[in-house]
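1. Everything below, folded, please.
(one chain, ligands or ions: 3)
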Amino acid sequence: MASFTFSHIAQFVLPSNIIVSDGLRKPEREWLTFSNKSILARKSDRSPDSVVTSAVTHHAPPVDPSPGKEAGGGGLMSHVAWTSVRQERWEGELVVEGEIPQWLNGTYLRNGPGLWNLGNYKFRHLFDGYATLVKLHFENGQLIAGHRQIESEAYKAAKKNEKICYREFSEAPKPDNFIAYIGDLANLFSGASLTDNANTGVVRLGDGRVVCLTETQKGSILVDPDNLDTLGKFEYSDSIGGLIHSAHPIVTDTDFWTLLPDLMNPGYLVVRMKTGSNERKVIGRVDCRGGPAPGWVHSFPVTEHYVVVPEMPLRYCAQNLLRAEPTPLYKFEWHPDSKGFVHIVCKASGKIVSSVEVPLYVTFHFINAYEETDEDGRVTAVIADCCEHNADTSILEKLRLQNLQSFMGVDELPDARVGRFIIPLDGTPYGKLEAALDPDEHGRGIDMCSINPSYLGKRYRYAYACGARRPCNFPNTLTKVDLLEKKAKNWYDDGSVPSEPFFVARPGATEEDDGVVISMISEVSGGGSAVLLDGKTFEEIARAKFPYGLPYGLHGCWVPKKK
Ligand SMILES: CC(=O)/C=C/C=C(C)/C=C/C1=C(C)CCCC1(C)C
Ligand SMILES: CC(/C=C/C=O)=C\C=C\C=O
Ligand SMILES: [Fe+2]
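-> Ligands and ions are numbered 1, 2, ... in the order given. Just a heads-up that it's a prediction; the model follows:
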């Protein structure tokens, strides 16, 4: 089977005339059976090696078994989770086993780096892949699914030139000579060479616009949640400047909060953009208390009144930013001597109300935060929970594609826990960090979390995340963590890699876990499915198979049905 290259993309693109059999198009086309559901494709649209045929023949491996530069050494069959999606777009109805609740009406969107191959070259890190946006549209118990590559400048240039043209998470185009290198540096400072490959998350703003995001500000891309069209850049109309921001803004009906790390004068800007506007306003600023640069700020939490600004000892590194080749910690450096801090900024005044030293920590994802009050209603502390990797940076290395692709049954996933920060607001200089529950409850693996969004910034009880059933080299369960009882319920499907469990509340629900949890799984057989779990029992209630294998994806959002 040929490997997937950009020159093949044109062949692999399924035309928009591919529709489910229940559709109304004329049958001058051939029938192809995709997992019990038939779709139509024009015969002339199919290349002999196209995804259509390879996805249909379930005997053929849906992955490229040939050893690549970095992938799958020794002909090892790679899991479909770590294998590039084979076609640029697809849409069709999925057959549902089980039952989708009738109240679940809307679209779940999930973004992630689904394409890691460029010609003969393979990206080396999970986070480098070009963005693949997947949708699950639920309506009256039925499910229309699809995916589409996001048409970022970085993706279009790579497709045209069959090589990486912008600086991605771990790699950058190699300058041909010294003059080009100098030009490159200038482009880095202006931001021109940075990627806009919006492969990390997707958010629905309060005004209904849907934006795909990564950590570069220019990688904020508007998409159409129905047909997944790339609509263009989300342009920030202010003059705040800066090149990077947190990959995970906090989005509510009224606001969009984010943090902008300041690499020149180490610190963070706390910014807010009101719903309906493209203009961010600086609400406050936190100066770093340690190290030569701000800590990596992939995400952060908020409470009702405060923004929690983490200052992780895993800090941006100016030298590494300039390198074309990956370094052990990519664009970052571990500075245990610089200590770890958490700062609390008042949303209303922008003032820092607490800044404490905490034990060293490593986290990508904060889960939630809330305020602890005394009997007079005064806030005494902020509690902030995150998926914490025991202050061990090796998780970044574990997310190299070669490591992910070479699982041999040996347990390789470093331990992680629900890290709970307790940040006093009484001027005490130290905060605490402890495990919120025994990490064995979720197999000592935890990441890719969500909560019931109505509990954002409030005292809450349940978190949904990916956990571990060992041995594994990547989180392979879905886990519902009860932070009150300090227990977890785990869902496991042998050999599958599930993506972030996403909670959708039942309209009218009064209990925190009354709803469903959506995840997409990449299966050991090479297939891919959407799964629905009941929020309360955490039992699987429905599953629907895609006609092709799904690559791993990162974060999602819910777009409710238009009224
Ligand atoms: C997918 C994910 O979780 C993170 C993606 C992060 C990216 C694409 C970061 C890109 C960056 C650059 C291209 C240069 C500047 C530093 C940094 C923000 C790491
Ligand atoms: C996949 C991941 C981080 C994604 C960032 O958006 C972390 C996985 C950690 C494993 O435990
Ligand atoms: Fe993330």
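2. and the residue of the stretch 401-550 of the chain nearest ligand 2?
-> residue 447 (3.6 Å; Cβ to the nearest ligand atom). Quick note: C-beta positions are derived from backbone N, CA and C, even for glycine.
3. mind listing the helices for this protein?
-> 6-12, 51-56, 153-161, 178-190, 318-322, 394-398, 401-405 (DSSP state H).
4. In contact with residue 343, which residues?
-> Counting by Cβ atoms under 8 Å, 6 or more residues apart in numbering, residue 343 touches 268, 286, 308-311, 352, 354-356.
5. From these, pick the one nearest residue 529.
-> Using Cβ to Cβ, residue 310 comes nearest to residue 529 of these, at 34.8 Å.
6. which residues touch the closest one?
-> 295, 297, 300, 341-343, 361, 363, 366, 386.
7. Could you point out which residue ranges in this protein have low pLDDT?
-> Counting by pLDDT under 70, the chain has low-confidence residues at 1-76.
8. Near ligand 1, which residues of it? Just list them.
-> 113, 127, 167-169, 194-195, 199-200, 214-216, 244, 247, 321, 331 (Cβ under 6 Å from any ligand atom).
9. Could you measure from the nearest residue to residue 261 once chain neighbours are set aside over to residue 397?
-> Closest residue to residue 261 in three dimensions, ignoring its sequence neighbours and counting by Cβ to Cβ, 6 or more residues apart in numbering: residue 294, at 4.1 Å. Distance of residue 294 to residue 397, computed by Cβ to Cβ, to the nearest Å: 22 Å.
10. More neighbours: those two, which one.
-> residue 294 (26 against 14; other Cβ atoms under 10 Å).
11. Please report the distance of that one from ligand 2.
-> 18 Å (Cβ to the nearest ligand atom, to the nearest Å).
12. again, but for residue 241
-> Distance from residue 241 to ligand 2, by Cβ to the nearest ligand atom: 25 Å.
13. Provide the count of other residues in contact range of residue 425.
-> What residue 425 shows, counting by other Cβ under 10 Å, is a neighbour count of 17.
14. That one: what's it in contact with?
-> 344, 353-354, 379-382.
15. And those, which is closest to ligand 1?
-> residue 344 (24.2 Å).
16. so how far is residue 189 from the closest residue to that closest one other than its chain neighbours?
-> Leaving aside its sequence neighbours, residue 344 sits nearest to residue 354 (Cβ to Cβ, 6+ apart; 4.2 Å). According to Cβ to Cβ, residue 354 and residue 189 sit 34 Å apart.
17. In terms of packing, which of those two has more residues around it?
-> Per other Cβ under 10 Å, whichever of residue 354 and residue 189 has more neighbours is residue 354, with 22 against 11.
18. who touches that one in this structure?
-> Neighbours of residue 354 in contact, by Cβ under 8 Å, 6+ apart: 343-344, 382, 423-425, 427.
19. ditto for residue 171
-> Applying Cβ under 8 Å, 6+ apart, the residues contacting residue 171 are 123-125, 128, 164, 324-326.
20. ok so, going back, go ahead and confirm the residue of the stretch 401-550 of the chain closest to ligand 2 touches residue 464.
-> No: if you go by Cβ atoms under 8 Å, residue 447 and residue 464 don't touch, sitting 11.6 Å apart.
21. more crowded one of the two?
-> residue 464 (27 against 21).
22. can you pull the contacts of that one?
-> Applying Cβ under 8 Å, 6+ apart, the residues near residue 464 are 449-451, 478-481, 501-503, 517.
23. can I get the contacts of residue 354 in JSON lines with distance to residue 523?
-> JSON lines is the format used below for the contacts of residue 354 (distance: Cβ to Cβ, whole Å):
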{"residue": "343", "distance to residue 523": "43"}
{"residue": "344", "distance to residue 523": "43"}
{"residue": "382", "distance to residue 523": "41"}
{"residue": "423", "distance to residue 523": "41"}
{"residue": "424", "distance to residue 523": "47"}
{"residue": "425", "distance to residue 523": "47"}
{"residue": "427", "distance to residue 523": "53"}
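24. from the residues you listed, which ones fall inside strands?
-> Judged by DSSP state E, the contacts of residue 354 include 343-344, 382, 423-424 as members of strands.
25. circling back: can I get the contacts of residue 171 in CSV with neighbour count and distance to residue 135?
-> Below are these laid out as CSV (neighbours: other Cβ atoms under 10 Å; distance: Cβ to Cβ, whole Å):
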residue, neighbour count, distance to residue 135
123, 25, 24
124, 21, 28
125, 23, 25
128, 24, 23
164, 23, 27
324, 13, 35
325, 10, 36
326, 19, 32
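26. which one of those residues is nearest residue 371?
-> Using Cβ to Cβ, the contacts of residue 171 come closest to residue 371 at residue 125, 37.1 Å.
27. Show me the beta-bridge partners of that closest one.
-> residue 400 (DSSP bridges).
28. gap between it and residue 444?
-> Counting by Cβ to Cβ, the gap from residue 125 to residue 444 is 23 Å.
29. And for residue 518?
-> Distance from residue 518 to residue 444, by Cβ to Cβ: 25 Å.
30. Please identify which of these two sits among more neighbours.
-> residue 518 (25 against 18).
31. Give me the spatial nearest neighbour of residue 435, chain neighbours excluded.
-> Distances taken as Cβ to Cβ, 6+ apart place residue 417 nearest to residue 435, at 4.3 Å, with adjacent residues excluded.
32. number of nearby residues for the residue of the stretch 451-563 of the chain found nearest ligand 1?
-> Of all residues in the stretch 451-563 of the chain, residue 554 sits closest to ligand 1, at 6.0 Å by Cβ to the nearest ligand atom. The number of residues packed near residue 554 is 23, by other Cβ under 10 Å.
33. Now do the same contact list for it.
-> 110-113, 199-201, 448, 499-500.
34. Most neighbours among the residues you listed, which one?
-> That'd be residue 199 among these, by other Cβ under 10 Å, with 35 neighbours.
35. which parts of the chain sit against ligand 2?
-> So the chain meets ligand 2 at 200, 364, 395, 416, 445, 447-448, 475, 554 (Cβ under 6 Å from any ligand atom).
36. Recalculate using a threshold of 5 Å.
-> 364, 447, 475, 554 (Cβ under 5 Å from any ligand atom).
37. taking these one by one, which sit in strands?
-> Checking these against DSSP E, those in strands are 364, 447.
38. Rebuild the residues of the chain next to ligand 2 as a markdown table, extending it with distance to residue 512.
-> What follows is the residues of the chain next to ligand 2, written out as a markdown table (distance: Cβ to Cβ, whole Å):
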| residue | distance to residue 512 |
| --- | --- |
| 364 | 24 |
| 447 | 21 |
| 475 | 23 |
| 554 | 24 |
